[in-house]
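**Q** how does the following fold in three dimensions:
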Amino acid sequence: MHILFSRKTTIGFTLLVGLLLSLTLSGVTPLAVHATANTATIRLSTVTGPPTTKVTVKGTGFGSSETVIATFDINTVLGTTTTDSMGNFSLGITIPASALPGKHSIQATGQSSGLTASHTFLANTNWQQFGYDPAQSRTNPYENVITSTNVSNLTLDWSYPTVNGITSSPAMVNGVVYIGAYATMWAFNAKTGRELWNYRTNNSISSPAVVNNVVYIGSAGTVYALNAKTGANLWIYTKGTGWFSSPTVVNGVVYVGSTDGNVYTLNAKTGANLWIYNTEGEIYTSSLPAVANGVVYVGAGFSVFALKAGTGAKLWSFNTGGTIGSSPAVVNGVVYIGGGEAKVYAINAKTGIPVWIDYSGCNDAGFSAPAVANGMVYIDDACGTMYAFNVKTGTIVWSFNAGEISDSSPAVANGVVYFGSMYHIIYGLDASTGAMLWSYTTGGYIQSSPAVANGVVYVGSNDDYIYAFHLPGM
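**A** Residues are numbered from 1 along each chain as shown. Sure thing, here's the model as predicted:
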């Protein structure tokens, strides 16, 4: 085969050969002509969340039809896939359950091209509202820092004086702690305790719910929505003369009970009323609604009600025979709640028929909200004893007498039950046995319920301080 060269081509080729030969003789190795820049990039469907979060990784700019391996912090393989002819891929991964709070690297590497790209994922275990989640389980299933074996090492990280006694329970979301102290809502840097902002109302306020960068609180006849970053008021809903409970927020709707006997639902963005249901009984401010599977559950007067979340239509009600001051917890199709006459109830969430009823031994039983985890229901009888009931049978597994527990509801995380007492003490008990593992004495009685998130325990006290406890070195 004959190849024809023009005179210009021949001269250019001769100069190129001469240049390469000159570089070689001078000891300089010429670059390979096939070298290319790293064009690979990846995107994540979500860049923050708790351990076990499902994430879709999408990559572009990799080699054609090559194997790509996704890793977490370099060493942990999350998954493997193959690119298409254009070098693109989509891969579903799960953030490891062992991922500690903080920033982590998700990396994708082409096995043929060697092309690689990475993206940061922020692991956090937010505690968004009084009951942790809309179903009011009061347990953080993602906590992986504090355990029953190291909780005894908890030490005071920081505390802050709010001037007014604290009965509100804290929320911790995206590195900020929110808590009410009488008529003021406060926001603090979760790591340092530095005040970020505060917002004053005309009356004492409820525990906050923090969802989609908005803080929701109840007060005397008023529900407030505040900007979570600045504290600026977004909207105010005023209705009646009753006191509003802490809000429960889910799917763009705010659910709140009132001492006037009504359950109110509000548009989370605008504050517009959606529907109102009258229970014909008083809803204590300590009894906020729980929402699960499209149903709202609330205690009012002597009864527990189940209402359609979309319309407020009553599905069923169950009369306990005693005053209900407890919030319900809805877990695995069962409603758990404390009532008067020293009883704790487990009620079928669909039918309203009791699964079991048990006695805690004190006439004020149920004024604490229950926590449900580890196959047990944890609740105090307000006379000094914390109980753990078997979720299926209602039998008492263990009890712990703290003298007088007050209204501090338990919080459960990673095998530890936390609660406060009228004797100024916050406790950490072994969730399986009830053995006391840790305690700390504040300067006032504790009605605030703890929140446990990102390896820190937050709680307020009537000595006017909010406290944050952590493990040394974490």
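**Q** report the separation between the closest residue to N140 other than its chain neighbours and T241.
**A** Using Cβ to Cβ, 6 or more residues apart in numbering and skipping the chain neighbours, the partner closest in space to N140 is A413 (4.3 Å). Where C-beta positions appear, they are placed from N, C-alpha and C, glycine not excepted. For A413, the distance to T241 (Cβ to Cβ, to the nearest Å) stands at 38 Å.
**Q** show me what contacts the residue nearest to N140?
**A** By Cβ atoms under 8 Å, 6 or more residues apart in numbering, the contact set of A413 is T139, N140, E143, I146, V452.
**Q** all helices of this protein, in order?
**A** With DSSP state H as the criterion, the chain has helices at 7-25.
**Q** okay, now the unreliable bits of it?
**A** 1-37, 361, 363-367, 405-406 (pLDDT under 70).
**Q** domain assignment for it?
**A** 41-123, 139-470 (automatic domain parsing).
**Q** hmm, back to that, any idea how far the residue nearest to N140 lies from I74?
**A** From A413 over to I74 the distance is 29 Å, taken as Cβ to Cβ.
**Q** what about the closest residue to L471 other than its chain neighbours, how many residues close to it?
**A** Excluding its sequence neighbours, the residue lying closest to L471 (Cβ to Cβ, 6+ apart) is N153, at 5.5 Å. Using other Cβ atoms under 10 Å, N153 is surrounded by 15 other residues.
**Q** then M386?
**A** 24.
**Q** does it have beta-bridge partners, and which?
**A** M386 has these beta-bridge partners by DSSP bridges: D380, F400.
**Q** next: A468.
**A** Going by DSSP bridges, A468 forms beta bridges with W158, Y458.
**Q** list the contacts of it.
**A** Taking Cβ under 8 Å, 6+ apart, one finds L156, D157, W158, S159, V177, A190, G193, V456, V457, Y458 in contact with A468.
**Q** dump the domains of the chain to a markdown table, plus distance to Y132.
**A** As requested, those are exported to a markdown table (distance: least, Cβ to Cβ, whole Å):
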| stretch | distance to Y132 |
| --- | --- |
| domain 41-123 | 12 |
| domain 139-470 | 6 |
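**Q** most packed of these?
**A** For these, the largest average neighbour count (mean count of other Cβ atoms under 10 Å) is found in domain 139-470, namely a mean of 21.
**Q** show the end-to-end separation of that domain, please.
**A** Distance across domain 139-470, first residue to last, is 18 Å (Cα to Cα, to the nearest Å).
**Q** quick one: contacts for A70?
**A** V57, V77, L78, G79, T80, T81, L91, I93, I106, Q107, A108.
**Q** just those: which are in strands?
**A** V57, V77, L78, G79, T80, T81, L91, I93, I106, Q107, A108 (DSSP state E).
**Q** just to revisit the earlier point, ok, the residue nearest to N140 to S148 distance?
**A** 10 Å.
**Q** between the domains of the chain, which gets nearest to F130?
**A** Of all these, domain 139-470 sits nearest to F130, with 4.3 Å by Cβ to Cβ.
**Q** just to revisit the earlier point, nearest to A183, of the contacts of A70?
**A** Closest to A183, out of all of those and judged by Cβ to Cβ, is I106, at 44.5 Å.
**Q** check contacts around F419.
**A** 368, 380, 386, 402, 405, 408-411, 426-427, 449-450.
**Q** out of those, which are inside strands?
**A** Going by DSSP E, the strands hold D380, M386, A411, I426, Y427 from the contacts of F419.
**Q** my read is that the second one contacts A402, right?
**A** Yes - counting by Cβ atoms under 8 Å, M386 sits close enough to A402 to count as a contact (6.5 Å).
**Q** quick one: end-to-end distance for stretch 259-276.
**A** Stretch 259-276: ends 13 Å apart by Cα to Cα.
**Q** what bridges to the residue lying closest to L234 once chain neighbours are set aside?
**A** With Cβ to Cβ, 6+ apart as the criterion, L234 has its nearest non-adjacent residue at 4.3 Å, and that residue is A225. As for beta bridges, A225 partners with Y216, W235 under DSSP bridges.
**Q** so who does A225 touch?
**A** V214, V215, Y216, N233, L234, W235, I236, V254, A268, G271.
**Q** now distance to G261 too, for the residues you listed, in TSV please.
**A** Converted to TSV, the contacts of A225 look like this (distance: Cβ to Cβ, whole Å):
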residue	distance to G261
V214	27
V215	26
Y216	21
N233	27
L234	27
W235	24
I236	22
V254	18
A268	23
G271	21
